[in-house]
Structure formats: structure tokens, C-alpha cells
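Enquirer: One predicted model, sequence on top.
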Amino acid sequence: MALFGSHGEELLTEFWAKVYNLPQDLDAIDRLCTDDFILSNPDGEVVGRAAFKEWARNFTSKIRDIRLKSLDMFSGADGTRVVSRWVVTGYNQGVLGSPPDDRP
């Protein structure tokens, strides 16, 4: 039995570690995301690697000492989709439009 359920889970684990956790490596996006990568969020869709790098840089700059921890992860039977439940911790520097108050 493999440690991970799929290659997709291995990639997502690396993605969380490199893109969101310190020391942040936004160049990992070039290796881990497809050209047509889409991030859907309340503000709309972020399309493509370059746009996602900018979004990730901005998002993580709003959380001092950011740390993303995956709580659960599983893939579909065919391995083409991966779902992860996670939590982000750090200190608020104005994330998601909130006033920067440096609160955890």
C-alpha cells in the first residue's frame, strides 16, 4: 500500500508546502500547476500560473508567519481529482479585506 493515495496527493502535498508555507517558493507553481490552472475564490477566478503567483504573493503577504496544515486529503478512484481540508494559521495583516490587527 502506498503512503499517498495518488500522485495527485503527492503533488498537492508539495504544493501546500512550497507555495503557502515559509520559506515560500512561488516558482514551484511553474512545476506543480498546469498552464490552465484556475483558482476559484469569492473575488472571482484566478486563471493561469502568472496570475496565481501574483494572487498567492498577495494573499500570503497578508498573514505574518503563515502556516498551512493539511488535515485530510483523498483522491477520486481514478486519481484525477484530489480534495484537501486544511487550516491556515498566522497573524492577520489584512487578509481577506479585514483590518490588519496582527491577531492570530
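Expert: On my side now, so go ahead. Here the structure is a predicted model, which means the values were calculated and not measured.

Enquirer: Quick check: L68 vs W16, distance?
Expert: Going from L68 to W16 by CB to CB, to the nearest Å gives 5 Å. Quick note: C-beta positions are derived from backbone N, CA and C, even for glycine.

Enquirer: Which neighbours do those two have in common?
Expert: Common contacts of L68 and W16 (CB atoms under 8 Å, 6 or more residues apart in numbering): W86.

Enquirer: Now do the lengthiest strand in the chain: which elements does it pack against?
Expert: As assigned by DSSP state E, the longest strand anywhere in the chain is strand 63-75. Where contact means 3 or more CB pairs under 8 Å, 6 or more residues apart in numbering; DSSP states H and E, strand 63-75 is packed against helix 7-15, strand 82-92.

Enquirer: okay, those, which one's buried deepest?
Expert: The highest mean neighbour count among these, using mean count of other CB atoms under 10 Å, belongs to helix 7-15: a mean of 16.
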